[in-house]
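Asks: I need the structure of the sequence given here:
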Amino acid sequence: MSCAALGNDVFIFNILNKSPGFFVEAGCGDGSGPSNSNSLYLEERGWKGIGIDINNIDAFNKNRKSIGIQADLKVRGIEDILEENNAPEIIDFFSFDVDEAQKSALDFLKLNKFKFKHIHFEHNNFITPDDPNYIPLNIKHLKTEGYKKFTEAGYVRVVEDVLDSRGLAIEDWYVHKDFISPDIKYLKNILYSDILKEYNFIA
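Replies: Below you'll find the predicted structure:
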């Protein structure tokens, strides 16, 4: 059963058909689940990885086998953290969801030393359409600049605008061109449960 709010973990585990793998979860929280961890399900199936958060790292390290790093991604680059902690150069899954630090973390992201097979990138930042910052931050910067940065680095957007239970577009999902399978489907404006059904991961 998924431990992620959007079913990210089940999707990754099934589409990669791989265990063990390696993950990076930026915005890992305390890592405990059952519905707020994109990596716990994977770790329980033999994966290893690195969790990054500005808070709750003591709790993450207590709850989890993987290493937790406390960092403010408004002032530190993710690649520096990965390099300092001997992450593999090819990483299976990068969950990128650091809430209010998302804009700064995206600006700092280099994508030149590490290659991620899959990136799940949050572009909503928990801002709803009635918030005056919704259009400039969610649409203009996070979604647009995220797309530009990832595609220029060789990533293909395969799921655009994953919808949450409220029907709000929350994330875009990318696959690096070197690891994209010929039968992967492009999906847009879709609930995570329907994504899993499209890929026959759930009935």
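
Asks: for the spatially closest residue to Gly7 that is not a sequence neighbour, what are its contacts?
Replies: Closest residue to Gly7 in three dimensions, ignoring its sequence neighbours and counting by C-beta to C-beta, 6 or more residues apart in numbering: Tyr192, at 4.0 Å. Using the backbone N, CA and C atoms, a C-beta is placed for each residue, glycine as well. The contact partners of Tyr192, by C-beta atoms under 8 Å, 6 or more residues apart in numbering, come to 6-8, 11, 162-164.

Asks: so Asn124 touches Gly167, yeah?
Replies: No - Asn124 is beyond contact range of Gly167, at 11.8 Å (criterion: C-beta atoms under 8 Å).

Asks: These two: who's more crowded?
Replies: Counted by other C-beta atoms under 10 Å, Asn124 and Gly167 do not tie: Asn124 has more neighbours, with 23 against 8.

Asks: Doesn't that one lie inside a helix?
Replies: No - Asn124: not assigned to a helix; according to DSSP: H, G, I helix; E, B strand; the rest coil it is coil.

Asks: That one: what's it in contact with?
Replies: So Asn124 contacts 138, 142, 168-171 (C-beta under 8 Å, 6+ apart).

Asks: go with 10 Å
Replies: Contacts for Asn124 (C-beta atoms under 10 Å, 6 or more residues apart in numbering) come out as 97, 99, 102, 134, 137-139, 142-143, 161-162, 164, 168-171.

Asks: Can you tell me how far it is from Lys148?
Replies: To Lys148, Asn124 is 18 Å away according to C-beta to C-beta, to the nearest Å.

Asks: Regarding the spatially most central residue of the chain, what is its secondary structure?
Replies: The centre of the chain sits closest to Ser95, judged by C-alpha atoms, centre = their mean, with a distance of 1.9 Å. For Ser95, the assignment made with three-state DSSP gives strand.

Asks: Look up the residues forming beta bridges with it.
Replies: Per DSSP bridges, the residues bridged to Ser95 are Glu25, His120.

Asks: What segments of the chain are helices?
Replies: 8-16, 40-43, 57-63, 78-84, 102-108, 144-152, 192-198 (DSSP state H).

Asks: So which of the contacts of Tyr192 belong to strands?
Replies: Using DSSP state E, the subset of these located in strands is 162-163.

Asks: The contacts of Tyr192 into TSV, with extra columns for pLDDT and neighbour count?
Replies: Formatted as TSV, the contacts of Tyr192 follow (pLDDT from 0 to 100; neighbours: other C-beta atoms under 10 Å):
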residue	pLDDT	neighbour count
Leu6	86	26
Gly7	86	21
Asn8	92	27
Phe11	92	25
Val162	94	27
Leu163	93	18
Asp164	87	14
